[in-house]
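J.: could you look at this predicted model? Sequence included:
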Amino acid sequence: MRELDAIEILEESIQLLRAAPSAATAAYLAGAVPFFAGLLFFWTDMSRNPFAAERLPAESLALTALFVWKGVWQAVFQARLYGYQALAAPGPLKLARLVAIQCTLQPLSLLVIPLSGLVMLPFAWTVAFFRNAGLFAALGEPEVIAVARRQAGLWTRQNWLLLSLIFLAGLLLFINVLIVIVLLPQIGRSLLGIENEFARLGLRLLNSTTLAVAGCVMWLVIDPLLDAAYVVRCFRGESLATGEDLRVALKRTIGAVALALLLCVAAPRARAQAPAASEAANVQTGIDPQRLDRTISEVIRRREFAWRTPRPAGPEPQGRWVGWVRSALDTFAKGVKWVTKKIQSWFRRDPNEDSRKKPATERPPIELWISVVAIALVAAGVAAFIAGRRKKAIVAQPVKLTAAPIDVADESVTADQMPESSWLQLAEELLAKGDCRLALRALYLAGLNYLSEKDLVSVRRWKSGRDYRRELERRSRAHALVDANLTPAFARNLFLFERGWYGRHAVDRADVEAFAQGWEEIRRYAGRT
């Protein structure tokens, strides 16, 4: 019953859209593209055609039909996404019932959603209800309104955060699309010499039609993401009662196990062929190991690879380019000195002024007034800064900060919540108390923190031990300084931890000491990165 995070819902929605079948994408485009093309035509015709009043009834009826068409195909798109999320084949589509529900509910959304946005409180619930209604209508749910209302009431805070993030993304996308539409004709004229009507319009291109085009492009990107987000919400909400997410996870696990068994069957044959191929390659190339080592040693001693070595003592280098750089630096220094002297001359008194008589009505030079004002402003700023510091020193009270205790037994605790030294200290305290099982988990979290500081793993709450092992194996191959024994050592320690933490094996002091020795071995292998 834990409330999911809005970021997690968005990440899962993006993954769902990326992995969605082509039939789902085709269903959405089949409904959205005709509707938005008709909407742009209707907008342009009604705003620019002098006979718009005569054509309004027919075009409004056509746009309404396109809106219903879009709603039906959008519901089919949601149903395909839900079937892919649940690993279930799509059922028979009751088209007549779906069209009737969409004709009844979706036109109401054009009035209800803006009104709920004015009231603000029911806005997120209203958006979720209409999205859910289209989904469950396409899935053939008998009680569409009741189920859509129940799912819309789940996780209200998550729903608001989800809509806020998508609204912000849509606003940024709208601004970017608008900038591209305005600047693209100018870029084409500047770079390619293409002169057209759009390039001659300039900023007059920012009219209602351009805004409508940018809005439609933005909605074509944001709307599928919003559909996918509410599909994930409904799937998670239904799983609270049916356990559908567990069945899907079991199916994916069975598929992964079957793939692993298939690879294990095919691996011995590949391993048998690999040594023969490597021997043949060595025979053909004829590489001398000593010569190879000597060549590598000569290459790493070149100057381009020894940039950390200090510059040798001796006379400065001479040459054409060196002299040019030095003359440029000297010219720059002379320019700075000239500007400094010029500024000083403004505030320096002319010695010849004493021989000349000043008129009684002569005003002080403007530089003097500027200097006085600048000095006054600086003095006022310094005085305000000193007064603020004194006031803070008098008012401030010593506050004793106490860190919140961390429950090591909590599965939501991650390794990045404390530094490695704190985890090790906590493990020693737990071991002194005799709680070997919690001490084992504290050492495990300390090791993950160490590997994350070495940029070998990234700590995430949802990752399992197998995920960390795969990530370590992948990243260690990219690091040239990582020992090849790092991943097997981590796998051995991971087995000790999971046997004691998740299994029924009783953890004693010997297990903790063996685990600590394993981490020292891992630290030795990863210490060169």
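T.: Sure, I can see it. Just so it is clear, the structure is predicted and the values come from calculations on it, not from any experiment.

J.: only C-alpha atoms for contact and neighbour calcs from this point on.
T.: OK.

J.: and the closest residue to residue 465 other than its chain neighbours, how many neighbours?
T.: Excluding its sequence neighbours, the residue lying closest to residue 465 (CA to CA, 6 or more residues apart in numbering) is residue 494, at 6.8 Å. Using other CA atoms under 10 Å, residue 494 has 19 other residues around it.

J.: return the per-residue confidence for residue 494.
T.: Reported pLDDT at residue 494 in the predicted model: 83.

J.: could you number the chain from 30 rather than 1 from now on?
T.: Sure thing, new numbering starts at 30, so read that last one as residue 523.

J.: how is the chain carved up into domains?
T.: Listed by automatic domain parsing, the domain ranges of the chain are 35-271, 274-307, 444-555.

J.: and residue 487, how many residues sit next to it?
T.: Applying other CA under 10 Å, we find 17 residues neighbouring residue 487.

J.: ok, back up a step: closest to residue 371 out of the domains of the chain?
T.: Of all the domains of the chain, domain 35-271 sits nearest to residue 371, with 42.3 Å by CA to CA.

J.: that older thread, and the residue nearest to residue 494, how close does it get to residue 490?
T.: The gap separating residue 523 from residue 490 is 17 Å, by CA to CA, to the nearest Å.

J.: and what of residue 110?
T.: 26 Å.

J.: what's the answer for residue 473, then?
T.: Distance from residue 473 to residue 490, by CA to CA: 14 Å.

J.: cool, residue 242 as well?
T.: Counting by CA to CA - residue 242 and residue 490 are separated by 42 Å.

J.: next, residue 513: phi, psi?
T.: In terms of degrees, to the nearest 10, the main-chain angles of residue 513 are phi -70, psi -20.

J.: now the domains of the chain as CSV including distance to residue 325?
T.: Below are the domains of the chain laid out as CSV (distance: least, CA to CA, whole Å):
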stretch, distance to residue 325
domain 35-271, 45
domain 274-307, 22
domain 444-555, 15
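
J.: for residue 355, which of the ones you listed is the nearest?
T.: Taking CA to CA, domain 35-271 is the member of the domains of the chain nearest to residue 355, at 38.1 Å.

J.: average pLDDT for that closest one?
T.: The model assigns domain 35-271 a mean pLDDT of 80.

J.: got the end-to-end distance for it?
T.: First-to-last residue span, domain 35-271, CA to CA: 22 Å.

J.: give me the neighbour count for residue 96.
T.: Counted with other CA under 10 Å, residue 96 comes out at 22.

J.: wait, it sits on residue 65?
T.: No - applying CA atoms under 8 Å, one finds residue 96 not in contact with residue 65, separated by 9.0 Å.

J.: joint contacts of those two?
T.: Shared contacts of residue 96 and residue 65, defined by CA atoms under 8 Å, 6 or more residues apart in numbering, are absent.

J.: distance-wise, check residue 194 relative to residue 168.
T.: 28 Å.

J.: okay, the two: which has more neighbours?
T.: Looking at residue 194 and residue 168 with other CA under 10 Å, you find the greater number of neighbours at residue 168, namely 23 against 14.

J.: pretty sure the more buried one contacts residue 108?
T.: Yes - using CA under 8 Å, residue 168 makes contact with residue 108 at a distance of 5.9 Å.

J.: ok so, going back, the residue nearest to residue 494 contacts residue 496, correct?
T.: No - under the criterion of CA under 8 Å, residue 523 is not in contact with residue 496, lying 11.2 Å apart.

J.: may I have stretch 494-508 as PDB, with CA atoms only?
T.: What follows is stretch 494-508, C-alpha atoms only, in PDB (Å, rounded to 0.1, in the frame of the first residue of the first chain):
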ATOM      1  CA  GLY A 494      22.400  -7.500  -5.200                       C
ATOM      2  CA  ARG A 495      22.300  -8.900  -8.700                       C
ATOM      3  CA  ASP A 496      21.800  -5.400 -10.100                       C
ATOM      4  CA  TYR A 497      24.900  -4.200  -8.300                       C
ATOM      5  CA  ARG A 498      26.900  -7.200  -9.500                       C
ATOM      6  CA  ARG A 499      26.000  -6.600 -13.100                       C
ATOM      7  CA  GLU A 500      26.700  -2.900 -12.900                       C
ATOM      8  CA  LEU A 501      30.100  -3.600 -11.200                       C
ATOM      9  CA  GLU A 502      30.900  -6.100 -14.000                       C
ATOM     10  CA  ARG A 503      30.000  -3.600 -16.700                       C
ATOM     11  CA  ARG A 504      31.800  -0.700 -15.200                       C
ATOM     12  CA  SER A 505      34.900  -2.600 -14.200                       C
ATOM     13  CA  ARG A 506      35.400  -3.600 -17.800                       C
ATOM     14  CA  ALA A 507      35.500   0.100 -18.700                       C
ATOM     15  CA  HIS A 508      38.100   0.900 -16.100                       C
END
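
J.: re earlier: tell me which of residue 473 and residue 490 has more neighbours.
T.: When residue 473 and residue 490 are compared for neighbours, residue 473 comes out ahead with 24 against 11, by other CA under 10 Å.

J.: and that one, what does it touch?
T.: residue 526.

J.: any idea which element it lies in?
T.: Here residue 473 is covered by helix 465-482, with elements defined by DSSP states H and E.

J.: on contacts alone, who are the packing partners of whichever helix or strand comes after that helix?
T.: Sequence-wise, the next helix or strand downstream of helix 465-482 (DSSP H and E) is helix 494-507. Packed against helix 494-507 by the contact rule (3 or more CA pairs under 8 Å, 6 or more residues apart in numbering; DSSP states H and E) you find helix 515-530.
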